[in-house]
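Visitor: Sequence first, then the predicted structure:
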Amino acid sequence: MLIGRLLLWSSLALALAASIAFFRSEREVQRQWSSEPSRQLTFARRLFLLMGLCIALTMIYLWYLILTQRYEVAYVHEYTDRSLPLLYRFAAFWGGQAGTWLLWAFFTTLWGLFLTRFAKPYETAALTILSGLNFLFLLPAVLEDPFRVLHPPPRDGMGLNPLLHNPWMAIHPPNMFIGYASMSLPFALALAGLWRKDWTGWTRYALPACNLAVAALGLGIFLGGVWSYEVLGWGGYWAWDPVENASFVPWLACVALLHFLIVHRSGKGAARLTTFMGLLPLLTVYYATFVTRSGFIQSVHAFGTSPIVWWLLGIMTFLTVVSMGIFALRVRQVPAPEGQVIDRIGGYSFFATMGAIIAGIFGLVVLIGLSLPWISIIGKAIGFKDMPEVGVDRAFYDRVSFPIAIVMAVSLAFMPLLTLVVPKNEEDRISWLKSVPWLILNIGLASALVGFWMGVRQPVSLILIGLSAAVIATNGYALIKRLKTSPWASGAYLAHTGLALFILGVVGSELHDETARLVIPSGQHRSAFGYLLTYADLRPTEDGKLQVVLEGAKLNGTNSHDGAHSTFTATPVMFFAPRFGMVRRPHIERSLLYDIYIEPLEFALPEEAGTLTLARGESATVKPYTITFNGFRLSGKVTMGMPEKITALVEIKDGKKTHLLKPYWHLKEDGIDKKSDHIPGTNIKVSIEGMNAEERSVKFRIEGIDGLTGHSGYVVINVLKKPGVNLVWLGSICVLLGALFTGVRRIREVAKAVGERKGKKKGTSVTA
Amino acid sequence: MNANLIFKISVAGLAMGMILYGIYSLVGTVQPYVTFPEATVRRGTVRVAAFIDHKSRRYDPQTGLLKFVAKDTKGNACTVTLSQVPPGGFEQSPMAVLIGRMNDGHFHADRVFIKCPSKYQGIDEHGQRNANKRSGK
């Protein structure tokens, strides 16, 4: 569609124009023509706003096309169809690549507007870079060409993957892109700092921006985890899946940067490292995008399935080479301030450095695991032809997380006691320093003992429980103390308490979860983890999905179901989506301490005695016979798309001989003539009772074989008991809120400092 | 020796230790991508990127295992048993990475790896990305 293309191209052009305009006004600022807003700057701001407007209009237009069901438009055709409910039609906007790039560019623009208001002194330089980034984000959307018109115009679309038919689909992806877009903030500011040969100035604005970025991307990841847990049934909230890792690495980079910024702001030390780290969130997030969108890191797809991949690779290389090149240049040209990295062992910046290093190393390790498949790709490229492609098991991440969690928890446990408590004199200080380790050790041991008493035996779990409890105790103490005096300054302690709660939740739900697989015949019951589950019904929902209805009852101590009364009804859903196959949705029965997670695996519909339902190619054994359904043979005249005669080819082996039987249906105007076939010399007779075109299966009636007793149908479920899942959610929310609070506090501090400086300036001009 | 230097050295030591531990952890968790015939010769856990024949998918209520036929990228077919609950969207994906080992001519998969469902948009039955056959070009 012409309008869409026009709008999209205009957005792209305006991004470039805004970047150039900001570049020119930055040149003015650097030559110090004037500190007042010049005409050039006003022009640049207008171009930037116009770009934002154009992106918004492009999005609205694409939404309009989707909602009015214009299936001749490629994007609408590829990601929606007629049957899609309104909410998912709305969410289908980010079902494909072009939509997500638009979203990314849009949120980058919004973050840019935030920078113009909040980081005025750095506006021109940072927005030159941000507009340039927006150009690079919009480029793939233009190349994908979502407004392409299809010939001939299709009447319907291909539909949205049913797993995405979920309210989370309307929430999680846009959140993710707010987070992705926020990674551009530290990048733009750090690069602007390098451009201005200033190792320090940019950090004032980067610190709060970085806080918000940690909260924004963290929220996206968190919501992804909730979605995965509740709907996708990926066995939990986190699976170290490459897609998940790819979003986790930039987040860790951002957390590391945040801590380096704190170090740098407090003592002017680690200037080069902080600037270098400032470039990483965006570079890693782009790398992550490249990994997940190109797809070939899992070797599921052939190399270079889409021409866009090469563009992404090109843009990524460009960003890396340019930013690292400028960094290397400035390191040689401009001496960094000789600051102090740490004040003293056990001081505030000491712990901040620890935090930065822990997050940085964790990020590096995940990055290595994520990138391991490249080794073989590169190896092959340079001539080692028989280099096998490799992937790394999730056990790798679990293993490396353990020592990192320990170092993190130890430093977090000490941090508030050594930084917040100020002893009166030197003598007190020394005795306090001596008592702190014992205090923490005692809290840890006591908590581990409680864990032991509650039945935890694994050393790994006991260590983590003890350490987390110590972290919660010390940070909780600091949190309460801070809440009384300066609530906005309590964010760090809230976040660190949250981390410990999170670790406890992970210990419970990942190290102490239990699984049982139950096969429950219709109307009968099985028990697992103190619950009695009765397979009550298999009923279709309104929208044609099959819902397994299980009655759950809590057993009172004994395994007999006499004392049990029905406490909940579990309704996991399974359905067969025509274009996508089987979709399962778990049922989660929540309680404060643990979740009972019921995943449907398979169900069998009731089978009448004397009948057998087989899919094409399937066989069944009823001793001594093996019955195989080989497929259909269609013959005769075709009317209304149906052939006159449908023959089922059935093979029956009795151990010695193989017989081929051909029962058939003859379709006539006045009905169906069903003809059976039999094995000569026996009383075995096979006829077709019914057919299911969708599953390509046939229900046969077989006479003369004993043992086809039929069954009343059964359901196969997986039941998981996951203790402590609620701690995972609670901990994550604490981390996010902590980051957000601190961000808001620091924005206010910066605003205040800038306001004071302005006031001073005005004051001096008056006295002069 | 001042505190800064001690700190720098200990931090460097800690970082080195963690990185070495990370590399050490890689040993035993690195799984090569192989074909089914290659999997028979290898000991330990391997990965096979394979096309799944979903029509052959069958569940055995006795053993609690899911059985299906898969074809690796070289076209070798093999019967696969899966002990894990197939991940959401498994039946929707033409391809998956099977993680497990070969045993008696069957591939026993502990885990199946599929990509985020959104990444499967625009892939048809034959595993071809429909970008290649866009109409209008």
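Guide: Happy to help now that I have it.
Visitor: A:Lys120: how many residues sit nearby?
Guide: 13 (other CB atoms under 10 Å in any protein chain shown). Every C-beta, even on glycine, is put in place using the N, C-alpha and C of the backbone.
Visitor: Same question for the one 4 residues further on.
Guide: The criterion is other CB under 10 Å. On that basis, A:Thr124 has 27 neighbouring residues.
Visitor: How about it, nearest residue that isn't a chain neighbour?
Guide: A:Glu26 (3.9 Å; CB to CB, 6 or more residues apart in numbering or on different chains).
Visitor: How about A:Arg148?
Guide: A:Ala74 (4.2 Å).
Visitor: Excluding sequence neighbours, find me the nearest residue to A:Leu252.
Guide: Nearest to A:Leu252 is A:Gly363, by CB to CB, 6+ apart, at 3.4 Å.
Visitor: Show me where chain B has its helices.
Guide: Along chain B, counting by DSSP state H, helices occupy B:3-26, B:36-41.
Visitor: Return the member of these having the minimum mean pLDDT.
Guide: Mean pLDDT is lowest for helix B:3-26 out of the helices of chain B, coming in at a mean of 78.
Visitor: Show me how far that helix is from its chain's centre.
Guide: Centre-to-centre, helix B:3-26 and its host chain are 32 Å apart (CA atoms, centre = their mean, to the nearest Å).
Visitor: Buried residues in it, which are they?
Guide: B:7, B:11, B:14, B:18, B:21-22, B:25-26 (16 or more other CB atoms under 10 Å in any protein chain shown).
Visitor: for stretch A:463-481, same thing?
Guide: Buried residues in stretch A:463-481, counted by 16+ other CB under 10 Å: A:463-479.
Visitor: Stretch A:521-529 now?
Guide: A:521-522, A:525-528.
Visitor: Are the one helix or strand A:Ile520 maps to and chain B in contact anywhere?
Guide: Counting by DSSP states H and E, the element that carries A:Ile520 is strand A:514-521. Yes: using CB under 8 Å from any CB of the partner chain, strand A:514-521 reaches chain B at A:517, A:519.
Visitor: That strand: how far from the chain's middle?
Guide: With CA atoms, centre = their mean as the basis, strand A:514-521 stands 29 Å off its chain's centre.
Visitor: you'd agree A:Leu593 is up against A:Pro723?
Guide: Yes: at 6.1 Å, A:Leu593 and A:Pro723 qualify as touching, with contact defined as CB atoms under 8 Å.
Visitor: the more surrounded of those two?
Guide: Higher neighbour count among A:Leu593 and A:Pro723: A:Pro723, with 20 against 11, using other CB under 10 Å.
Visitor: contacting residues around the more buried one?
Guide: With contact taken as CB atoms under 8 Å, 6 or more residues apart in numbering or on different chains, A:Pro723 is in contact with A:508-509, A:512-513, A:593-594.
Visitor: Who does it form a beta bridge with?
Guide: Assessed by DSSP bridges, A:Pro723 has beta-bridge partners A:Tyr594.
Visitor: so how far is A:Ala190 from it?
Guide: Counting by CB to CB, to the nearest Å, the gap from A:Pro723 to A:Ala190 is 43 Å.
Visitor: Can you give me the domain assignment for chain B?
Guide: B:1-30, B:36-120 (automatic domain parsing).
Visitor: Please read off the pLDDT at the spatially most central residue of chain B from the model.
Guide: Nearest residue to the geometric centre of chain B (CA atoms, centre = their mean): B:Val97, 3.5 Å. According to the prediction, B:Val97 has pLDDT 83.
Visitor: nearest residue to it other than its sequence neighbours?
Guide: B:Phe113 (3.9 Å).
Visitor: What about that neighbour, how many residues nearby?
Guide: 22.
Visitor: One more: A:Ile627?
Guide: When neighbours are counted by other CB under 10 Å, A:Ile627 registers 22.
Visitor: The one 3 residues further on now?
Guide: Residues near A:Asn630, counting by other CB under 10 Å, number 15.
Visitor: mind listing which of the buried residues of stretch A:463-481 are in helices?
Guide: If you go by DSSP H, these have A:463-479 in helices.
Visitor: Tell me, please, the helix or strand in chain A that averages the lowest pLDDT.
Guide: Ranked by mean pLDDT, DSSP states H and E, the weakest helix or strand in chain A is strand A:573-577, scoring a mean of 64.
Visitor: hmm, back to that, and the residue nearest to A:Thr124, what element?
Guide: Counting by DSSP H and E, A:Glu26 is part of helix A:2-31.
Visitor: What residues of that helix count as buried?
Guide: Applying 16+ other CB under 10 Å to helix A:2-31 flags A:4-5, A:7-8, A:10-12, A:14-19, A:21-26, A:29 as buried.
Visitor: Figure out which of the domains of chain B is closest to A:Pro173.
Guide: domain B:36-120 (7.8 Å; CB to CB).
Visitor: all strands for chain B, in order.
Guide: Using DSSP state E, the strands of chain B run over residues B:30-33, B:46-60, B:65-72, B:77-82, B:95-103, B:106-113.
Visitor: Tabulate these in JSON lines, adding columns for distance to A:Phe568.
Guide: Formatted as JSON lines, those follow (distance: least, CB to CB, whole Å):
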{"stretch": "strand B:30-33", "distance to A:Phe568": "40"}
{"stretch": "strand B:46-60", "distance to A:Phe568": "26"}
{"stretch": "strand B:65-72", "distance to A:Phe568": "27"}
{"stretch": "strand B:77-82", "distance to A:Phe568": "29"}
{"stretch": "strand B:95-103", "distance to A:Phe568": "33"}
{"stretch": "strand B:106-113", "distance to A:Phe568": "30"}
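Visitor: So for A:Ala409, which of the ones you listed sits nearest?
Guide: Closest of the strands of chain B to A:Ala409 is strand B:30-33, at 28.0 Å (criterion: CB to CB).
Visitor: pLDDT of that closest one, averaged?
Guide: Averaging pLDDT along strand B:30-33 gives 79.
Visitor: now for that strand, which elements pack on it?
Guide: The contact analysis (3 or more CB pairs under 8 Å, 6 or more residues apart in numbering or on different chains; DSSP states H and E) places strand B:30-33 against strand A:389-392, strand B:46-60.
Visitor: Neighbouring strands - and their directions - for the shortest one?
Guide: The one in question is strand A:389-392. With DSSP bridges as the test, strand A:389-392 pairs up with strand B:30-33 (antiparallel).
Visitor: Out of the helices of chain B, which is closest to chain A?
Guide: helix B:3-26 (4.3 Å; CB to the nearest CB).
Visitor: tell me what the closest one is packed against?
Guide: helix A:348-381, helix A:394-419.
Visitor: Now tabulate those in a markdown table and tack on mean pLDDT.
Guide: Below are the helices and strands packed on helix B:3-26 laid out as a markdown table (pLDDT from 0 to 100):
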| stretch | mean pLDDT |
| --- | --- |
| helix A:348-381 | 84 |
| helix A:394-419 | 88 |
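Visitor: Looking at these, spot the one closest to A:Gly224.
Guide: Nearest to A:Gly224 among those is helix A:348-381 (15.6 Å), distances taken as CB to CB.
Visitor: Packing partners of that closest one?
Guide: Short answer (3+ CB pairs under 8 Å, 6+ apart): helix A:348-381 packs on helix A:242-267, helix A:271-294, strand A:389-392, helix A:394-419, helix B:3-26.
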